[in-house]
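In: heads up, no residue letters with this:
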């Protein structure tokens with residue numbers, strides 16, 4: 001509890017007035033973040049940075065950061081790795097199914113279908129069909145995807161496997 005002092009300028013009441021007030025912690029630091037924009041804002045608040053500082057680090061404009069934090073636009077695929085690096089952890093949960101994991105890996109790494117195809121030695125159109133659910137990979141292809149993801153999740157994880165979940169937040 002802090003006390004704000006106001007000294008009266010009036011000749012009738014020449015005394016000081018004590019007004020107690022409580023400094024409120026911003027809700028961004030007390031509520032658990034839900035969206036990626038919330039995670040971004042929380043980290044920015046923790047580091048006491050302006051949106052322009054974060055924008056410079058990530059390589060986007062200040063208005064882009066504002067749009068992400070306020071839910072007006074979603075984080076673009078090419079910016080996702082830098083956003084995750086800035087946040088310090090990956091808030092996107094990794095699905096259990098192979099195609100979900102592949103989509104997650106693509107999103108977290110910020111890969112285009114062409115880049116993912118090159119990494120997997122696969123046709124990008126085939127990957128697009130699998131990820132969109134237009135086609136289901138046969139057993140052999142599904143096993144290859146599972147093997148690819150097993151290797152990539154182990155090697156890629158710039159964070160420990162458990163760190164993919166957001167850390168507990170102090171209140």
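Out: Noted; the coordinates are in hand. The shown structure was predicted, so the numbers you read here are calculated from the model rather than taken from an experiment.
In: Tell me who's in contact with the residue lying closest to residue 101 once chain neighbours are set aside.
Out: Using C-beta to C-beta, 6 or more residues apart in numbering and skipping residues adjacent in sequence, the residue nearest residue 101 is residue 149, 4.8 Å away. C-betas here are computed from N, CA, C, even on glycine. Listed by C-beta atoms under 8 Å, 6 or more residues apart in numbering, the contact set of residue 149 reads 98, 101-102, 105.
In: what about the strands in the protein?
Out: In the chain, the strands defined using DSSP state E lie at 2-7, 16-21.
In: Closest to residue 83 out of the contacts of residue 149?
Out: Nearest to residue 83 among those: residue 105, at 15.8 Å, using C-beta to C-beta.
In: shouldn't that closest one be in contact with residue 152?
Out: Yes - using C-beta atoms under 8 Å, residue 105 is in contact with residue 152, at 5.9 Å.
In: who has more neighbours, the two?
Out: residue 105 (19 against 16; other C-beta atoms under 10 Å).
In: who are the neighbours in contact with that one?
Out: 111, 116, 149, 152-153, 156.
In: If we use 6 Å, what do you get?
Out: Going by C-beta atoms under 6 Å, 6 or more residues apart in numbering, residue 105 touches residue 152.
In: Please report the distance of it from residue 77.
Out: Going from residue 105 to residue 77 by C-beta to C-beta, to the nearest Å gives 12 Å.
In: Repeat that for residue 39.
Out: 17 Å.
In: between the two, which one's more packed in?
Out: Shown here are residue 39 and residue 77; by other C-beta under 10 Å, residue 39 has more neighbours (24 against 14).
In: Of all the helix elements in the protein, which one is longest?
Out: helix 139-156 (DSSP state H).
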